[in-house]
Every structure is written in structure tokens, then in C-alpha cells.
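Engineer: structure here, sequence nowhere to be found:
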Ligand SMILES: Cc1cc2nc3c(=O)[nH]c(=O)nc-3n(C[C@H](O)[C@H](O)[C@H](O)COP(=O)(O)OP(=O)(O)OC[C@H]3O[C@@H](n4cnc5c(N)ncnc54)[C@H](O)[C@@H]3O)c2cc1C
């Protein structure tokens, strides 16, 4: 069975290759479309198609090249990494192929030779199983669903960039100052919520995250406003930032659906909240009712 995968993020692309290989089963022919700077680093694909974008093209301008390659090869499904850029690309590829993109998959299984996709609706308030009716399914998948394969890929072949009909020109790029750790792939996530009010509060959860060799994440309110503690950072939830760590600790997080969908696949969940009725406790394996300014330093001192 033929399958295509794409992500602008190499680690996610390698995970999708593994996922597509597993789903396509015996005789899987998995073609990875990769941006040219990482094409030789793709693991486990049958074939890699390398696309070089012009310097002034934004990444989502790769969509027509993917659509053309898919039209020519006629795979059964296309997996695209569920990043913000990936969602934009999936929508364009699906439109070009005359189908819909099924986004934010939680699980995919093959039923009668076609992928059946369990995915979120209404910002995570509901789940639905969908099967695409067209000849090809376009599906977006988040990180950490599949373990990458170790083996090198087969051939790497350059394909021509196909210019989008409506061209957007990149005028410049600015490097974002962000944590060097990726919240979607770390094993421990300490998530700050709107209960955090100051840099001192932030330093408290950073200290706990460091001691647990993890990373800090946040809910949406902590990203809003110029002086927000996580200004401009991605926030966990139906924004598309899904985490699956071994341990998630929510600190001053109330537990509203738009956020909880982002961490519900964590192996162990701990909530620290001063309100004993906070709904996050319903999603938690362990709950501590109390002021995090007392609880977090106490936990950190227990660790070392
Ligand atoms: C279309 C849409 C999409 C959205 N997408 C997202 C998304 O992707 N991700 C997301 O996070 N949100 C999202 N939201 C916002 C979401 O609905 C919630 O508003 C948000 O998740 C709440 O964040 P919070 O729990 O940090 O804040 P709050 O709900 O304000 O909760 C703060 C909590 O801190 C506790 N607290 C306060 N002080 C202390 C203390 N000293 N010690 C202990 N506990 C304390 C309080 O008891 C309270 O429970 C979205 C909303 C909409 C409408």
C-alpha cells in the first residue's frame, strides 16, 4: 500500500514515516516529502522526495508540490504533521485533491483498506470517527504517536517546486526566543496556568521543571498581553500543541476542555490548585489542594 508523509519538522516527519509504515502494513511503500535541507536525514522511508523552496517562499508554499506528487503516485493516505504550518498545508493539499483534511487525529486504524480516524471536534469537547470518501485521505497527526524507525531511507530524489497560484512572499524572518526544550517531546511537563502572576511564580515552576529534567509549558492566558509570562510561546491545548509526557503537572490551571485535550494522553497527571472544586482534579491521577507558592517549593525541595 502506498502512503505519503510530510512535516516541516524532521523529528515529526520521522515519526510519521513510522506511523505510515505501520498503517500501510506488509508491502508498505512510504514516500516522505522533505524540505531539501533535511531530506538526507529522513529515516525509514521507502523513498524521499526533496523539495527546495525559493528563499522568499514561506514553508506552506510547499503544498502544491505535495499535491502534485500525490496526484501522480495515488497513495491511499497522506499523513501531515499537526503543526500550525502543517494544518495550513493539509488544508491546501486536500483542497487541491478534491477532498477534506481530517485534522487533530487521536488514533488511526485501517478499516477495509482505508484509514479510519478518531479525531477531535469542537476544540476537543467531542471525538468522532471519520473515513474519507475520496480516493485519498489527508490526515494531520501530532508528535509522539509513533516511534521513529532507525533505518536509513531508500533513494532521495529532488522534485521541482510548484509555485502556488496565489503567491505569498516572505519578507523576513525573526528568530523567536524560546525554551531550548520542546514541550511536545519532553518526558516531564510542568504547566503554568493563570494562577501564576509574576516572574517569581514562573521561576518557581521553572525550578521544579529543571529538577525533574523537564520543561515548562503554559495555558493560553499566560501568553496573552505583551508582558505575559509566556508571551508569544505556544500554549498546550486545542491550539494544536498536544503533549504526551510521562508526567504532566498543572500548576494554577483550572482544567477547561480547550486545555485538557492537550495533555489528556499524559501517563501521569498531577494538579496543584487552591480551589478544591477546580475541574482539573477530574483529569488528574494525583491532586494537591493548596497554594502552589507553598506546594511547588516543597515538592522541589523533596527532589533535591
Ligand atoms: C476557541 C478557544 C480556544 C482555546 N484554546 C485554548 C488552548 O489551546 N489552550 C488553553 O490553555 N486554553 C485555551 N482556551 C482558553 C480556555 O478556555 C481557558 O480559558 C484556559 O485554558 C484557562 O487557563 P487557566 O486554567 O490557566 O486559567 P483559569 O481558568 O483562570 O484558572 C486559573 C486557576 O488557578 C488557580 N489558582 C489561582 N491562584 C492559585 C494559587 N496561588 N495556587 C494554586 N492555584 C491557584 C485557580 O483556582 C484557577 O483554577 C481557548 C478558549 C477558546 C474560546
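Structural biologist: Nice, I can see it. No experiment lies behind these values; they were computed from the predicted model shown.

Engineer: for the ligand, what are the nearby residues on the protein?
Structural biologist: Residues of the chain lying close to the ligand by Cβ under 6 Å from any ligand atom are 123, 193-195, 219-221, 235-239, 252-254, 256, 258-259, 272-275, 278, 291-293. All C-beta spots, glycine's among them, are computed from the backbone N, C-alpha and C.

Engineer: show me which of those are buried.
Structural biologist: Buried residues within these, counting neighbours by 16 or more other Cβ atoms under 10 Å: 193, 195, 219-221, 235-239, 252-254, 256, 258-259, 272-273, 278, 292-293.

Engineer: take these and keep only those in strands.
Structural biologist: 272, 273 (DSSP state E).

Engineer: so which of the buried ones among the residues of the chain next to the ligand belong to helices?
Structural biologist: Residues of these located in helices (DSSP state H): 258, 259, 292, 293.

Engineer: show me the contacts for the spatially closest residue to the second one that is not a sequence neighbour.
Structural biologist: The one in question is residue 259. Nearest non-adjacent residue to residue 259, counting by Cβ to Cβ, 6 or more residues apart in numbering: residue 237, 4.2 Å away. By Cβ atoms under 8 Å, 6 or more residues apart in numbering, the contact set of residue 237 is 123, 124, 219, 220, 258, 259, 260, 261, 262.

Engineer: repeat that with 7 Å
Structural biologist: By Cβ atoms under 7 Å, 6 or more residues apart in numbering, residue 237 lies in contact with 220, 258, 259, 261, 262.

Engineer: and the two most separated of these?
Structural biologist: 220 and 261 (12.5 Å; Cβ to Cβ).

Engineer: tell me the secondary structure at whichever residue of the stretch 1-150 of the chain sits closest to the ligand.
Structural biologist: The ligand sits closest to residue 123 of the stretch 1-150 of the chain, with a gap of 5.3 Å, by Cβ to the nearest ligand atom. With DSSP: H, G, I helix; E, B strand; the rest coil as the basis, residue 123 sits in helix.

Engineer: which positions in stretch 148-165 come out as buried?
Structural biologist: For stretch 148-165, a neighbour-count test (16+ other Cβ under 10 Å) marks 148, 149, 153, 154, 156, 159, 161, 162, 164 as buried.

Engineer: what lies in contact with it?
Structural biologist: 14-15, 17-18, 21, 32, 39-40, 42-54, 61, 63-65, 68-69.

Engineer: how about a cut-off of 8 Å?
Structural biologist: 11, 14-15, 17-18, 21, 32-33, 36, 39-40, 42-54, 57, 61-65, 67-69, 92.

Engineer: got the contact list for the residue most central in space within the chain?
Structural biologist: Geometric centre of the chain, nearest residue: residue 142, 3.6 Å, by Cα atoms, centre = their mean. With contact set as Cβ under 8 Å, 6+ apart, residue 142 has these partners: 81, 82, 104, 105, 184, 240, 242.
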